[in-house]
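S.K.: sharing a model that was predicted from the sequence below.
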Amino acid sequence: MSNQNYTNRNHPGTKLREVSLPRLLLLTFRYWRSMLLVGLILALGLAGMKVLREYKNRSVSNVAHEEYLAQMEIYQASVQAYTNAIERFQTKIDAKQNYFNESLLMQIDPHQECVSAVSMVVRTPGLESADEAKSDAAGSQSASVVNASNVAHAYSDYVKSGISYAQFAEELGVPEQSVRELVQVLADEFHFSSVFQIQVRSMDLELSGRIMDYILSQIEENKDAFHDTLGEYELNVVSRNEETAVDILLLQQQTELQNSIATLQKNLQTSQTSLKELVKPSEATGASMKTIIKHGIKYGVVGMAGGIFLMILLYAIRILMKGKILTDDELNVAYGLRNIMTYPAGAGRKESRSPIDRLVNRLVNDAPDMTISAANDVMIAKVENLSLASDIRKILLVGTVGETRLESFANTLNKRAGNVDSEITFEASSDLDTNAAAVRRLRSADACVVVEEVGETSYRDAAEVIELLLASGKPVLGTVYL
């Protein structure tokens, strides 16, 4: 068999190798006892320090208690202040909003205000002959002018406050004050005048007219009572008109009310947010034993995890520095060899009694799930198939797992081969570079099989054996991993 195919395909002429990180981590779990021990030590250390420190500091000083009382007093005062402000703002908002919703005046479109207006004049005896353009020496008006002005003001007050609008309020389903707001009297309050104007505003000219008719009828009905009180006078209607007008003052009044409500709502939201953001002071109390133990457990878990992680890292570095074989395909890929068989965990050595050890070995070896006897039969059959074309009968088992293990493995294979009447024979040979007898056995063999162990065999030693076999010219059928 030609040896030209058996070259390091990944890194020819160099000792560099590729490492499988998952397999490296699996190999570190073979030392799970050390990992648990170190993790337990760190867990107990961290937990103990945490518990001891909190136990010593569990008492509360008088200064801390006084600070808590002061902070609590400020907190309660702030809560009360914000609560009062919220109630005050909410009361004002409700009052203004109810007024806006119930007031007929606020529902009028100021650009289409329906107005019924009546201008009236008061005449008293001697008013025509009075000289209103002049004043006497004291600067006072004539008695006739004063009396006419008093009558005008009396009627103004009567229209604004003395007339009952209950029937219109009941008809419209609103408070009486809402109807009273529709009526206004325009008179000169600061000068003597015998003229005044009554206006009724609404959203409907017909309603404005009816209210105005009602006001005039009330004035007529109570004329005698006014005469008894105010003396002789004449009250005449100068003009009456009904129209749709634009009321700039009403527009301004409605806008100011809406802005006032919006401002109050903003202040309300600000107070509510500030109240929610208040943080109640926490009293500085000593930690309970339950809390102390809980903190200790948390630190213990962190210590256990940290210890295990540290040991995984250290053992990974150790395995890399020792250069162990990590997978059953490293050598095969590097030198173009085939994997004849990977034995179940523990082949060739005493099986570990620990279930964890057995599980780790199975994960590391990644071997097929079969008995060792079945694995021997499969290996012998594969070697027979590889030997048919070249008439190979004598197989030399070569590796660095130790002479005793190789001889035991060879004897086991020979017994199984004899049971199945196979012509293949196996012979063990180790230490080819230092053992002359091993070199002679190599010369007499028909082919070789490399026997190594994942996680135990040195990659460099195994590579040197393979390179020596390839240099000897002997066919290398493949590799077997115990």
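M.R.: Sure thing, it's come through.

S.K.: tell me the first helix or strand C-terminal of the helix-or-strand element of the chain with minimal mean pLDDT.
M.R.: Taking mean pLDDT, DSSP states H and E as the measure, the helix or strand of the chain with the lowest value is helix 355-365, at a mean of 71. Using DSSP states H and E, the helix or strand that follows helix 355-365 towards the C-terminus is helix 372-387.

S.K.: what's the angle from the helix or strand following that following helix to helix 372-387?
M.R.: Using DSSP H and E, the helix or strand that follows helix 372-387 in sequence is strand 394-399. If you take axes from the mean of the first three to the mean of the last three C-alpha atoms, to 10 degrees, strand 394-399 sits at 120 degrees to helix 372-387.

S.K.: and strand 394-399, what does it pack against?
M.R.: Applying 3 or more C-beta pairs under 8 Å, 6 or more residues apart in numbering; DSSP states H and E, we find strand 394-399 packed against helix 403-419, strand 425-429, helix 436-444, strand 447-452, helix 459-472. Just so you know, the C-beta spots here come from the backbone N, C-alpha and C atoms, and that holds for glycine as well.

S.K.: mind listing what's buried in the shortest one?
M.R.: Across strand 425-429, burial judged by 16 or more other C-beta atoms under 10 Å covers 425-429.

S.K.: got it, and the last one?
M.R.: Of the residues in helix 459-472, those buried under the neighbour-count criterion (16+ other C-beta under 10 Å) are 459, 462-463, 465-466, 469-470.

S.K.: okay if I get the residues you listed as CSV plus distance to Gln112 and pLDDT?
M.R.: Putting these into CSV (distance: C-beta to C-beta, whole Å; pLDDT from 0 to 100) gives the following:
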residue, distance to Gln112, pLDDT
Tyr459, 99, 85
Ala462, 104, 87
Ala463, 103, 87
Val465, 109, 86
Ile466, 106, 87
Leu469, 111, 86
Leu470, 109, 86
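
S.K.: returning to that earlier point: mean pLDDT lowest where, among the helices and strands packed on strand 394-399?
M.R.: The stretch with the lowest mean pLDDT among the helices and strands packed on strand 394-399 is helix 436-444, at a mean of 79.

S.K.: tell me which other helices or strands that helix touches.
M.R.: Here helix 436-444 touches strand 394-399, strand 425-429, helix 459-472, going by 3+ C-beta pairs under 8 Å, 6+ apart.

S.K.: quick one: strands adjacent to the second one?
M.R.: Neighbouring strands of strand 425-429 in its sheet, by DSSP bridges, are strand 394-399 (parallel).

S.K.: sorry, back to before: just the buried residues of strand 425-429 now: which is nearest Met49?
M.R.: When the buried residues of strand 425-429 are ranked by distance to Met49 (C-beta to C-beta), Ala428 comes first, at 56.1 Å.

S.K.: quick check: closest non-adjacent residue to the closest one.
M.R.: Leu406 (3.7 Å; C-beta to C-beta, 6 or more residues apart in numbering).

S.K.: hang on, isn't the one you found packed against Glu427?
M.R.: No - applying C-beta atoms under 8 Å as the test, Leu406 and Glu427 come out as separate, 9.2 Å apart.

S.K.: anything in contact with each of these two?
M.R.: Leu397 (C-beta atoms under 8 Å, 6 or more residues apart in numbering).

S.K.: where does Met340 land in three-state SS?
M.R.: Wrong residue type there; residue 340 is Ile, not Met. strand (DSSP: H, G, I helix; E, B strand; the rest coil).

S.K.: need the contact list for it.
M.R.: Ile340 neighbours (C-beta under 8 Å, 6+ apart): 379, 382-383, 386, 449, 477-480.

S.K.: what pLDDT does the model give it?
M.R.: pLDDT, read off for Ile340, is 88.

S.K.: show me how the chain divides into domains.
M.R.: Following automatic domain parsing, one gets these domains for the chain: 21-59+286-322, 60-106+248-283, 112-130+141-245, 326-481.
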